[in-house]
Each structure stands twice: as C-alpha cells, then as structure tokens.
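Undergrad: sequence first, then the predicted structure:
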Protein chains: 2
Amino acid sequence: MEFRIEPIGFVKKPEDGRIFLHIDSRFWDATLNIDKFSHIHVIWWATGFDMPEYRTHLQDVPPTEGAENSGVFASRSPARPNVLCLSIVKLVALNEENRVIEIDQIDAKDETPIVDIKPYLPSSDRVDDAAVPEWFKDLKKRYTK
Amino acid sequence: MEFRIEPIGFVKKPEDGRIFLHIDSRFWDATLNIDKFSHIHVIWWATGFDMPEYRTHLQDVPPTEGAENSGVFASRSPARPNVLCLSIVKLVALNEENRVIEIDQIDAKDETPIVDIKPYLPSSDRVDDAAVPEWFKDLKKRYTK
C-alpha cells in the first residue's frame, strides 16, 4: 500500500533574509482566510533524505546534550520512513499578488517542497504540560514563556 | 513532481473503547524512547478522501457556528490536495509485545493508515497566544486550561 503526495508550493529564502511559502497557482485558493491565524503548521518534504538509506533508518541520537539513542518516531530527525517534516511557524503576511505566505522561520532549505499547510488551533494543538525526556528539557522556547 | 509515502501502521479501535496505533513490525524499532513523551503528533492518511474530487477541493465552510467559507489550508478538513491529517494526542502506554502505542483519542476511523509519528516538543510546538478567527475561538480545549 502506498500513497502519492505532491508539492503544493516551495519554501523560498531570498537573500534579504525574509522567508516565504510560495504556493502553486493551482492551490492558491486554499489559502483563503489563512491570514486570520497567527500561526500555522507547515508539513514539508525533506528531499535530501528521500533515499532508501534514510528511509530505512530507524534510530539515532538526537543532537542535544545527554541524548540517548532513540527511535525516529521519538525524534524530529528528517531521516525516517516517510520523510515528512513538521514546523510550527508564525504567519507574517499573506501576499496575494505574488502568491506567497511570509513566515518568521523554518528549518528547511530554499526550494524545499511544501506538502500541506494547516492552521494552528490552540484548542487541540496546544499542550500546557507536555512531558519530554531530559535531553529535550532545555531547548530554547520559541512561542511560549 | 510527486513523492511516495507508505503506512507505518494503522489506527485500531477495538470495541472496548481503547485506541491504539498498531506499528508495522518493520518500523517498531523507531518507537524507542517514545514513551518518554506525554504527547505525540500523529500524521495519518484520510483514505476516504483520497479521490480526485476531494483532492481538488480547495474551499469549504468549517463546521462551526458563524464560520466563513475558507481555504482548506485555513481549515482542518480532510478534503485537501494531499489528504494528510494531523492529530496531537496523549500517549497512554507503549506495549512492546503487541507493537502498539495506546493513545487517548484520535479523530480517525479504525484501520486508518498512519504515515508518521513525531514527539510533541513544547519548545517549538506550543504557542501560548495563537490568534484564530472568531469561528474557532470557542472550541473545546483539549490539553490546555
């Protein structure tokens, strides 16, 4: 059993330091009202890891101090059976003319394929007291105090 | 350009009301240390919507009071170009013998294909003051006060 996915756009990182999600013209209408959300989920495809040696890679040591060898479902490694990556980002602006969504940051290279965008809903997506292993406790907080 | 993804397991909803993610034996090793997290992201494939008429569907009205017609990237509708769905769930237990992860809830049917699991990291995944449109403001809070 396998499923087919296709890019709905690409990450664009021009030299001015701004970051954009450039949406394919066929899918632009799917952005209606997205600018009413402050944050979005971006699901992207780690093209550089879409190779058999990475897609059969099941464990590694996360790159944080004291980390134990872990399964890739217990890490955010892009080397995993389906090389999907997930980023929660801040929506800066929607630009209809250029068909881009400007965002504040993303850990994906220029030209990375985007496969989905979803709104961040605090009601179901925010967890107040999530437990993590020791090695992820001191990561820098991005959108929380 | 298109990419291939495959199930890494399936949602199981037996009649006793418990809910499990049954992991394919080929991928079980990728769960090592996942039980050190209290919450996980589950990315699943909305099989029932994997048809051209849903995958070209770009706008609809979210099923909440007062909602405006919105793009599917501004809603959590399973009808979208790539029928990926994302659920944040509580991890109840890991059962090595049966190769299952017990979870508290998921809005996916029995036998739904799972395509990825990622740990919930509050440092990057929790947003304290996310803005949403009026029609999503009164949704019931799941893991926050």
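TA: Perfect, thanks for sending it. Numbers count the residues shown, from 1 in each chain, chains lettered A, B, ... in the order given.
Undergrad: which residues in chain A form strands?
TA: A:3-5, A:9-12, A:19-23, A:39-45, A:59-60, A:70-71, A:84-95, A:100-103, A:113-119 (DSSP state E).
Undergrad: low-confidence regions, chain A specifically.
TA: Scanning chain A for pLDDT under 70 picks out nothing.
Undergrad: hang on, the earlier thing: now the strands of chain A in CSV, with mean neighbour count and distance to residue B:121?
TA: The C-beta positions use only the backbone N, C-alpha and C, and glycine is treated the same way. Shown next, in CSV, are the strands of chain A (neighbours: other Cβ atoms under 10 Å in any protein chain shown; distance: least, Cβ to Cβ, whole Å):
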stretch, mean neighbour count, distance to residue B:121
strand A:3-5, 17, 24
strand A:9-12, 20, 21
strand A:19-23, 22, 20
strand A:39-45, 23, 13
strand A:59-60, 16, 16
strand A:70-71, 23, 13
strand A:84-95, 18, 10
strand A:100-103, 20, 18
strand A:113-119, 24, 17
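Undergrad: tabulate those (TSV), appending distance to residue B:37.
TA: Shown next, in TSV, are these (distance: least, Cβ to Cβ, whole Å):
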stretch	distance to residue B:37
strand A:3-5	26
strand A:9-12	27
strand A:19-23	28
strand A:39-45	18
strand A:59-60	16
strand A:70-71	10
strand A:84-95	14
strand A:100-103	26
strand A:113-119	21
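Undergrad: mind putting those into JSON lines with distance to chain B?
TA: Output for the strands of chain A, formatted as JSON lines (distance: least, Cβ to the nearest Cβ, whole Å):
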{"stretch": "strand A:3-5", "distance to chain B": "4"}
{"stretch": "strand A:9-12", "distance to chain B": "10"}
{"stretch": "strand A:19-23", "distance to chain B": "8"}
{"stretch": "strand A:39-45", "distance to chain B": "5"}
{"stretch": "strand A:59-60", "distance to chain B": "6"}
{"stretch": "strand A:70-71", "distance to chain B": "4"}
{"stretch": "strand A:84-95", "distance to chain B": "5"}
{"stretch": "strand A:100-103", "distance to chain B": "9"}
{"stretch": "strand A:113-119", "distance to chain B": "4"}
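Undergrad: spatially nearest residue to residue A:132 (excluding sequence neighbours)?
TA: Spatially, and ignoring its direct neighbours in sequence, residue A:132 is nearest to residue B:37 (5.7 Å; Cβ to Cβ, 6 or more residues apart in numbering or on different chains).
Undergrad: got a list of what the one you found touches?
TA: A:74, A:130-133, B:91, B:119-120 (Cβ atoms under 8 Å, 6 or more residues apart in numbering or on different chains).
Undergrad: could you rerun that using 7 Å?
TA: When contacts are counted by Cβ atoms under 7 Å, 6 or more residues apart in numbering or on different chains, residue B:37 is found next to A:74, A:131-132, B:91, B:119-120.
Undergrad: buried sites along stretch A:60-68?
TA: By neighbour count on 16 or more other Cβ atoms under 10 Å in any protein chain shown, the buried set for stretch A:60-68 is A:62, A:67.
Undergrad: distance from it to the middle of the chain?
TA: Distance of stretch A:60-68 from its chain centroid, counting by Cα atoms, centre = their mean, to the nearest Å, is 21 Å.
Undergrad: what does stretch A:127-144 give?
TA: 17 Å.
Undergrad: just the terminal-to-terminal distance for it.
TA: From its first residue to its last, stretch A:127-144 covers 11 Å (Cα to Cα, to the nearest Å).
Undergrad: now do the buried residues in it.
TA: A:127, A:130, A:132-133, A:135-136, A:142-143.
Undergrad: can you give me the neighbour number for residue A:73?
TA: Residue A:73: 32 surrounding residues under other Cβ atoms under 10 Å in any protein chain shown.
Undergrad: does it touch residue B:31 like I think?
TA: Yes. Using Cβ atoms under 7 Å, residue A:73 is in contact with residue B:31, at 5.3 Å.
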